[in-house]
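*Asks:* Test case, fold it:
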Amino acid sequence: MFETIAFIGLGNMGGPMAANLVKTGYPVRGFDLSETAKLTATESGITLCDTAAETLTGASIVITMLPAGHHVLSVWSELVEVVDQGTLMIDCSTIDVDSARKCHALANEAGCLSLDAPVSGGTAGASAGMLTFMVGGEPDALNRGRPVIEAMGRRVVHCGSAGAGQAAKICNNMILGITMAGVCEAFVLGEKLGLSHQALFDVASTSSGQCWAISTNCPVPGPVPTSPANRDYKPGFAAALMLKDMRLSQEAAKSTGAATALGAHATELYELFDQLGHGGEDFSSIINTIRDRSP
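*Replies:* This next block holds a predicted model:
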């Protein structure tokens, strides 16, 4: 018998994640403010509710997928007032570690289990059920939530106690932001030196320069047919979201005293890119701004 799940936040990531739960057999009660998200959710077999609190009716597991820490804290503060003791609360948003730990504390005070479980894999991974979950929380909470999480993804990594999932996600995405900027600079330099995109890809993808930003999300059209560069940089992973994650990394670096010079510089690049109006494009399209700055 599948437990009923309350799912709050049915956007580009949450919608397909919730849909995969339905496909697995879980009854899902959902809430979102977007009319487009509501329509898609209904088509996926999700039972829509008028409020976030209403999704809790009959549900023993709650999942949130929201834009930022203050959204998650606001929703969890509302839910813990009415949630049943023993409910498992899972946040899959990408937020700051401090907010994640505050959410754990709220759940604990309400007698609930809790996990912070941000994801990697983008919208394609969400739709295909191939996400990686980076999980923070106690082992008993993860044991309870693992079957549900595995219905939405292919890999679950327990990173540690409360907030550890968010810490891992922030560090991972700082690496991604830095490497994508470096890959884009290398391809622009290659163009200046007369290298074809394919030649540089053939070398870098099979030698010491190999990384996800080349092998999967190559920023130039051609070498990787499935990369956003082949569909006019339709995300994928939007540049505005990368900027959000890079800013989170720099906030964390400042609060902990970590030296992240490359992270800081990459953040500046994505800030400029966003200011130029490209936040809705895939983050790999930052190559165009780097190219424009290389007359």
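*Asks:* C-alpha only now, for contacts and for neighbours.
*Replies:* OK.
*Asks:* For Gly121, see how far away Ile61 is.
*Replies:* 23 Å (C-alpha to C-alpha, to the nearest Å).
*Asks:* quick one, which of those two is more surrounded?
*Replies:* Set side by side, Ile61 and Gly121 show unequal neighbour counts under other C-alpha atoms under 10 Å, the larger going to Ile61 at 24 against 18.
*Asks:* Please look at that one and Gln85 and confirm they touch.
*Replies:* No. Under the criterion of C-alpha atoms under 8 Å, Ile61 is not in contact with Gln85, lying 11.0 Å apart.
*Asks:* give the contact list for the residue nearest to Glu138 when sequence neighbours are not counted.
*Replies:* In space, and not counting its chain neighbours, Glu138 is closest to Ser161: 5.9 Å by C-alpha to C-alpha, 6 or more residues apart in numbering. Shown here is Ser161, whose contacts under the criterion C-alpha atoms under 8 Å, 6 or more residues apart in numbering are 136-138.
*Asks:* And Ser161, what's its pLDDT?
*Replies:* pLDDT recorded at Ser161 is 97.
*Asks:* hey, where'd the strands end up in the stretch 51-200 of the chain?
*Replies:* Counting by DSSP state E, counting those that start in this stretch, the segments of the stretch 51-200 of the chain that form strands are 61-64, 88-91, 113-116, 119-120, 131-136, 153-160.
*Asks:* Name the surrounding residues that touch the shortest one.
*Replies:* For strand 119-120, contacts defined as C-alpha under 8 Å, 6+ apart pick out 92-94, 131-134, 169.
*Asks:* partners of it, with directions?
*Replies:* Counting by DSSP bridges, the strands paired with strand 119-120 are strand 131-136 (antiparallel).
*Asks:* Mind listing residues that contact the strand it pairs with?
*Replies:* Contacts with strand 131-136, where a contact means C-alpha under 8 Å, 6+ apart, come from 115-122, 125, 142, 149, 152-166, 168-169.
*Asks:* which of those residues count as buried?
*Replies:* Burial by neighbour count, 16 or more other C-alpha atoms under 10 Å: within those this picks out 115-122, 125, 142, 149, 152-153, 156, 158-166, 168-169.
*Asks:* ranking the contacts of Ser161 by neighbours, who comes first?
*Replies:* Going through these with other C-alpha under 10 Å as the criterion, the one with the most neighbours is Gly136, at 30 neighbours.
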